[in-house]
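# predicted model, plus sequence, below.
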Amino acid sequence: MNTPRPVVPPRYRPRLLTLRDGREVTLRAITEADGAEIVQAFGRMSAQSRYSRFMQHKKSLDLAALERGLRPVPGEGFVFVATVPAEDGIDIVGAARYLRAGAGSGALPGEPAGERCEFAITLVDDWRGSGLAGQLMMCLMRRARCDGYRVMEGLVMASNQPMLSLAHRLGFDAKPVADDQSLMRVVRALAPRSRRQAQAVSRRTPAP
């Protein structure tokens, strides 16, 4: 009997993006070598930007979470980084990631497991308003769809109007989180998946 071959998500080839303010960034998948640059990027974020992104006051990154982010599990998570040339090589000026949604997500009753993912976007302050967040979101949505997900969602601070406006333009619905009025949950259906993508979801979903 032939054993089915696992569906491996395709690699992401780096690409150059021109933003609406004319600046250019290289968009690529994160690598294990990016740890130091991620820490530097965090250091260039203001206290308000950190609070909007992490929903708490953070003076430093959680190193265990950073290590997990540098090694996303194919099909269950993906991380983009946006880079620009710098004197020491590159600077990371933005990042976007999705993770398979877990307990506490906005999944509907009866919704099949493994079809929903959660997103997060991070920008260094100097790149806010450049159009980078929108580019990151669109690329992340395409990647999640390619990996077989049907729904993308995320938590956004109710005070983060730029992110809520971007989510609205991209077709996300926003609703207050029932037990925390300071948060909004934004949700968007992704395009229908192919049969091959459906098989990818089935193989990464554990049996009940």
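Yep, it's here. Residues are numbered from 1 along each chain as shown.

# name the residues of the strand ranked longest in the chain that are buried.
The strand that spans the most residues within the chain, counting by DSSP state E, is strand 89-100. Of the residues in strand 89-100, 91, 92, 93, 94, 95, 96, 97, 98, 99, 100 count as buried by neighbour count, 16 or more other Cβ atoms under 10 Å. The way it works is simple: take the backbone N, C-alpha and C, and place the C-beta from them, glycine included.

# and stretch 25-42, by the same measure?
25, 27, 28, 30, 34, 35, 37, 38, 41, 42.

# quick check: end-to-end length of that stretch?
18 Å (Cα to Cα, to the nearest Å).

# stretch 76-95 too?
17 Å.

# and it, how far from the chain's centre?
Centre-to-centre, stretch 76-95 and its host chain are 14 Å apart (Cα atoms, centre = their mean, to the nearest Å).

# again, but for stretch 129-139
11 Å.

# what pLDDT does the spatially closest residue to residue 115 that is not a sequence neighbour get?
Closest residue to residue 115 apart from its sequence neighbours, by Cβ to Cβ, 6 or more residues apart in numbering: residue 150 at 4.4 Å. At residue 150, the pLDDT value in this model is 94.

# and the gap between residue 150 and residue 141?
According to Cβ to Cβ, to the nearest Å, residue 150 stands 11 Å off from residue 141.

# now for the two: what residues contact both?
Counting by Cβ atoms under 8 Å, 6 or more residues apart in numbering, the shared contacts of residue 150 and residue 141 are residue 190.
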